[in-house]
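> My questions concern the predicted model and sequence given below.
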Amino acid sequence: MIDVNKLLDLLTYQKDDPILFNSAFFFYFFAIFLLFYLAVGRSKEGRVWVFTVFSLYFFYKACGYYVGLVILSAIVDFNLSRWIYNTENNTRRKGLLALSIVLNLGLLFYFKYTDFFIGMINDMQLGKIQPLHLLLPIGISFYTFENLSYTIDVYRKEFPPVNNFMDYLFFLSFFPKLMMGPIVRAADFIPQIAKPYELNSEDIGKGLYLIMAGLFKKVVISDFINQNFVQYIFDDPSKHTGLECLLGVYGYAMIIYCDFSGYSDMALGIARWTGFKIPPNFDSPYQSSNITEFWRRWHISLSSWLRDYLYIPLGGNRKGKVRQYINLGLTMLIGGFWHGASWNFIFWGGLHGTALAIDKVRIDWLKKKGGGVGGLGGGLLKFFGVLFTFHFVCFCWVFFKAATFHDSWALLHQVFYDFQPGVWLELYNGYTAVFWVMLLGFVLHFLPRKSEDLTEGMLAKMPVVASVVVMVIFIWLLVQVKSSQPMMPIYLQF
C-alpha cells in the first residue's frame with residue numbers, strides 16, 4: 001500500500017533536501033519529463049508548456065515558493081522590454097531600462113546582501129539592526145543576470161523582444177541551467193524555441209557524454225575529495241601541517257572545477273537531448289598559461305557577461321591604459337561580490353582584477369617587442385606560465401573557500417611556516433584513495449581535446465538502445481561509489 005505521507009514528502013519542497021542533478025529523485029523527474037516532452041515533440045506550444053511546467057516544478061522542489069520570483073521576474077522584464085523597444089523617446093527608454101536594472105538588482109541585493117550591509121552598519125557602530133537571516137533563493141544570481149542581459153540587448157536594439165510571454169518564461173525558467181547556470185543569453189536561446197525538435201546521432205552522443213562526464217566529475221571526483229579530505233582541512237587549517245593544507249588547496253581547485261563544470265556539463269547534455277544548444281561554460285581552465293586566458297576558459301558565461309555588460313560600458317580599453325586597468329579591477333571586484341556577501345569574495349575578485357591588469361601590461365609589452373618566443377623557449381615559457389597561473393589561481397581559491405580572513409591567513413601561515421614535508425608517507429597512507437582520485441582528476445583535465453571528441457564519436461555511433469544500456473550501467477556504477485548523502489553543489493550558494 002502506498003504511504004501517502006511519504007509520497008507527499010517526496011513530491012513537495014523539503015528545505016534540507018532540494019532537488020539535485022545527482023539525486024535519485026531527479027532521475028525519476030527527468031524520465032517522466034522526457035515521456036511528456038517526447039509526446040508533444042511535434043508541437044512548439046506543447047514543448048514550451050511541458051518544459052515550462054516541469055521547470056517551475058523543478059524550481060519549486062529546489063527552493064519552495066521562491067518559484068514565484070522567477071514568474072514575477074519574467075512578467076516584469078517581458079513587459080518592460082516591449083515598452084523599451086516600442087518607445088521612441090530616448091529619455092523614456094533610458095528610464096525604463098533604469099527601472100529594469102533597479103528592480104532586478106534590487107531583488108538580488110535584498111536577498112543576497114541585506115544582512116551583509118546590516119553587519120557592516122553594526123560593526124561600524126552606526127546602529128544596532130537585527131539581521132534578517134534571509135534565505136537566498138536558488139539561482140537568483142543567474143536568472144537576474146539573464147533578465148538584465150535581455151533588457152539591455154533589447155534597449156541596444158541588438159535583439160527584438162519576444163511576443164509570446166510563455167516563450168520568455170520558458171527561457172528564464174529552463175530547468176537545466178536554472179540553479180547554477182550557465183548564464184544563457186536570450187539571443188542565443190529564444191530563436192531555438194521555434195525550431196522543430198529533431199535529434200541526430202551527434203546530439204544523442206554529445207548529450208550522453210556530457211551527462212556522464214558531468215556526473216562523474218561531480219559524484220566520483222568532487223564529492224569524494226571534498227567529503228574525505230578537503231573539508232577537514234578548511235574546517236580548521238591551524239590543526240594541519242603546511243603540506244596537508246597545500247594538498248587541501250590543490251584538492252579544492254579540483255573540487256570547485258569538477259563540481260561546477262560537472263553541473264554545467266549536465267545542463268548542456270540535458271539541453272542537447274531536448275533540442276537546445278547552450279554555449280559551454282568551461283574549457284579546461286587549468287591549462288591556461290596566463291590569467292587572461294584563464295578567464296576566457298573559466299565560468300565563460302559569467303566572464304563574458306561581465307565583459308559585455310560591465311567592463312565595456314565602463315569604457316573597456318577605449319579611454320587609455322590607466323582607465324583600462326581601473327575598469328578591469330572594478331569589474332573583477334564586482335564579479336567577486338556577485339559570488340557572495342563576504343569580504344573574502346571581494347578580496348578574491350580584487351586579486352584577480354589586479355592580476356588581469358598586470359597581465360595586460362605584459363601583453364602590451366610583448367606586442368611592442370614584436371610577439372612571443374617560439375620553439376623550445378616558447379614551449380618552456382608556456383609550461384612555466386601554466387604552472388604559475390595554476391598556483392596563483394590556487395592562492396586565490398584559499399580566500400574563496402575559507403569561511404573567514406582569519407582562516408585564509410591561518411592556512412597560508414601553515415604552508416609557509418609549518419610545512420613539515422616529513423609527514424608525506426603517513427599522509428599518503430591515510431588518504432591513499434583521495435590522492436589517486438585527485439591525480440585522476442588532473443590527468444583527465446589535461447587530456448587533449450581529441451580524447452573527448454573520440455569518446456563523443458563512439459557514443460554517437462551506438463544505436464539508441466545501446467546508449468540507454470550504457471547510461472543505465474553508468475548510473476548503477478555511480479550509485480555504488482557515491483556518498484550516501486548527496487553533497488550540495490558549491491555554486492548553489494551563489
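Received the coordinates, thanks.
> Now do the domain split for this structure, please.
Segmentation of the chain into domains, based on automatic domain parsing, reads 4-193, 201-493.
> Make TSV from the ones you listed and add mean neighbour count and mean pLDDT to it.
(Glycine included, C-beta is placed from N, CA and C.) Rendered in TSV, the data for these read as follows (neighbours: other C-beta atoms under 10 Å; pLDDT from 0 to 100):
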stretch	mean neighbour count	mean pLDDT
domain 4-193	17	90
domain 201-493	17	89
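> Show the residue spans covered by the strands in the stretch 51-200 of the chain.
Ranges of strands in the stretch 51-200 of the chain, per DSSP state E, counting those that start in this stretch: none exist.
> in it, which spans are helices?
In chain order, the stretch 51-200 of the chain shows helices spanning 67-86, 90-123, 140-155, 165-173, 175-178, 186-193, with DSSP state H, counting those that start in this stretch as the criterion.
> Also the stretch 301-450 of the chain?
According to DSSP H, counting those that start in this stretch, the helices that the stretch 301-450 of the chain contains are 321-339, 343-369, 375-401, 405-417, 424-430, 432-445, 449-461.
> about what we covered before: between the helices of the stretch 51-200 of the chain, which gets nearest to Phe345?
The minimum distance between Phe345 and those falls on helix 90-123, with 10.1 Å, by C-beta to C-beta.
> The closest one - contacts with which helices or strands?
Here helix 90-123 is seen to pack against helix 67-86, helix 140-155 when contacts are counted using 3 or more C-beta pairs under 8 Å, 6 or more residues apart in numbering; DSSP states H and E.
> Output the shortest one as PDB - backbone C-alpha positions only.
Same thing as helix 140-155. Listed in PDB are the C-alpha atoms of helix 140-155, where the atom choice follows Å, rounded to 0.1, in the frame of the first residue of the first chain:
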ATOM      1  CA  ILE A 140      18.600  34.200  -8.300                       C
ATOM      2  CA  SER A 141      22.100  35.400  -9.300                       C
ATOM      3  CA  PHE A 142      21.900  33.600 -12.600                       C
ATOM      4  CA  TYR A 143      18.400  34.500 -13.800                       C
ATOM      5  CA  THR A 144      18.900  38.100 -12.600                       C
ATOM      6  CA  PHE A 145      21.800  38.400 -15.000                       C
ATOM      7  CA  GLU A 146      19.800  36.800 -17.800                       C
ATOM      8  CA  ASN A 147      17.000  39.300 -17.300                       C
ATOM      9  CA  LEU A 148      19.400  42.200 -17.300                       C
ATOM     10  CA  SER A 149      21.200  41.000 -20.500                       C
ATOM     11  CA  TYR A 150      17.800  40.600 -22.200                       C
ATOM     12  CA  THR A 151      16.500  44.100 -21.500                       C
ATOM     13  CA  ILE A 152      19.900  45.700 -22.200                       C
ATOM     14  CA  ASP A 153      20.100  43.900 -25.600                       C
ATOM     15  CA  VAL A 154      16.600  45.000 -26.400                       C
ATOM     16  CA  TYR A 155      17.500  48.600 -25.400                       C
END
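> what's the angle from that helix to helix 67-86?
Using axes from the mean of the first three to the mean of the last three C-alpha atoms, to 10 degrees, the inter-axis angle of helix 140-155 relative to helix 67-86 is 10 degrees.
> Now do helix 140-155: which elements does it pack against?
Where contact means 3+ C-beta pairs under 8 Å, 6+ apart, helix 140-155 is packed against helix 67-86, helix 90-123, helix 165-173, helix 175-178, helix 186-193, helix 300-306.
> Which SSE is immediately downstream of the strand or helix carrying Glu244?
Glu244 is part of helix 242-273, with elements assigned from DSSP states H and E. Later in the chain than helix 242-273, the nearest helix or strand by DSSP H and E is helix 291-297.
> any idea how far the closest residue in space to Ile256 that isn't next to it in sequence lies from Cys258?
Counting by C-beta to C-beta, 6 or more residues apart in numbering, the nearest residue to Ile256 once its immediate chain neighbours are dropped is Ile490, at 5.7 Å. For Ile490, the distance to Cys258 equals 10 Å [C-beta to C-beta, to the nearest Å].
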